[in-house]
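> Next comes the sequence, and after it the predicted model I'd like to discuss.
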Amino acid sequence: MSLYEASIRVKHECPYREISERHPDLTIREWPLSDCQVLEITAEATPTDELLDEISQLGTVLHESADDDGYHVVTQSCLCSLEESIIDRFERHSCLYQSPTIYRQGWEHYTVVAFDGDDIRELLGDLRSDREIELLSKTSISETQIPHSMLAPANQLFENITARQLAALQLALESGYYEQPRKTSLRELADRTAVARSTYEEHLRKAENKLLTNAGQFLRLVTATSTADPLQIKRDRQIEQAAD
């Protein structure tokens with residue numbers, strides 16, 4: 001199976017793109033989370049009052065600094081909804097999005113990983129139907145490059161895991177439950193909470209199951225080009241042939 005990493009840039013209506021177009025020396029990096037976006041904004045020159053005002057309207061400022069290297073600010077914003085976004089289109093065409101999105105001089109820059117070249121071609125055709133787009137690069141990914149090329153967005157790994165399930169998972173992890181040998185037991189973990197052992201175990205198992213399910217697509221990506229079978233796993237067909 002061939003794997004490809006594609007870099008594209010897109011123009012369409014978006015508040016972040018418009019700011020980057022009005023301020024050509026500005027670079028905006030966006031990390032999408034479940035219900036908001038974290039933006040890292042950098043400028044080579046001292047920002048104007050106009051730019052500072054625009055940035056303040058993007059959301060809550062988490063960090064701000066200015067020195068000889070320029071201006072740097074991190075904000076948390078909920079202005080640009082992820083519903084029906086370009087990232088949804090990536091998923092419909094079996095392309096895995098790699099954050100961050102980079103906004104520069106009026107263009108949005110994206111990187112995706114696909115399992116098949118046809119997926120990228122179909123994605124580009126879909127995007128060209130309603131926006132300006134350029135394919136900047138399309139390269140094959142070797143087996144040794146994959147772990148460094150694909151970084152799983154945290155919001156996708158923890159998608160659909162409830163607050164109680166996350167809390168159960170965090171308690172188990174921090175208490176050494178997953179170490180070998182284990183430093184604690186399910187009973188001891190449950191005793192540290194206000195719920196019964198069976199309830200705590202249910203939260204923990206559901207969190208484990210959802211986490212592994214969410215990570216499945218990234219596991220597939222890492223192992224897709226490997227021809228080795230370190231466990232020498234017997235496939236269904238091999239088992240059937242052996243039975244005959």
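Looks like it arrived, so ask away.
> which residues touch stretch 207-215?
With contact meaning C-beta atoms under 8 Å, 6 or more residues apart in numbering, stretch 207-215 is reached by Ala152, Gln156, Leu157, Phe158, Glu159, Asn160, Ile161, Gln165, Leu166, Ala168, Leu169. The C-beta positions use only the backbone N, C-alpha and C, and glycine is treated the same way.
> Mind giving me the ChimeraX command for buried ones among these?
Paste this into ChimeraX to select the buried members of these, with burial taken from 16 or more other C-beta atoms under 10 Å:
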select :152,156,158,161,165,168,169
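> quick one: which of the contacts of stretch 207-215 sit in helices?
The helices, defined by DSSP state H, take in Gln156, Leu157, Gln165, Leu166, Ala168, Leu169 from those.
> Now render those as JSON lines, adding pLDDT.
Listed next are those as JSON lines, based on pLDDT from 0 to 100:
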{"residue": "Gln156", "pLDDT": "70"}
{"residue": "Leu157", "pLDDT": "75"}
{"residue": "Gln165", "pLDDT": "92"}
{"residue": "Leu166", "pLDDT": "89"}
{"residue": "Ala168", "pLDDT": "94"}
{"residue": "Leu169", "pLDDT": "93"}
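> ok, the residues you listed vs Leu231, which is closest?
Closest approach between those and Leu231, by C-beta to C-beta: Leu157, at 23.9 Å.
> So that closest one versus Thr139, what's the distance?
Leu157 sits 25 Å away from Thr139, going by C-beta to C-beta, to the nearest Å.
> Tell me which stretches of the protein form helices.
Using DSSP H, the helices of the chain run over residues 15-22, 49-56, 86-92, 117-128, 146-149, 154-157, 163-174, 186-191, 197-223, 236-243.
> which stretch among those helices comes nearest Trp107?
Trp107 lies closest to helix 15-22 among these, at 7.3 Å (C-beta to C-beta).
> Give me the helices and strands touching the closest one, please.
Secondary-structure packing of helix 15-22 (3 or more C-beta pairs under 8 Å, 6 or more residues apart in numbering; DSSP states H and E): strand 26-32, helix 49-56, strand 95-104, strand 107-114.
> In JSON lines: those, plus mean pLDDT and mean neighbour count.
Formatted as JSON lines, these follow (pLDDT from 0 to 100; neighbours: other C-beta atoms under 10 Å):
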{"stretch": "strand 26-32", "mean pLDDT": "87", "mean neighbour count": "20"}
{"stretch": "helix 49-56", "mean pLDDT": "87", "mean neighbour count": "14"}
{"stretch": "strand 95-104", "mean pLDDT": "88", "mean neighbour count": "21"}
{"stretch": "strand 107-114", "mean pLDDT": "91", "mean neighbour count": "21"}
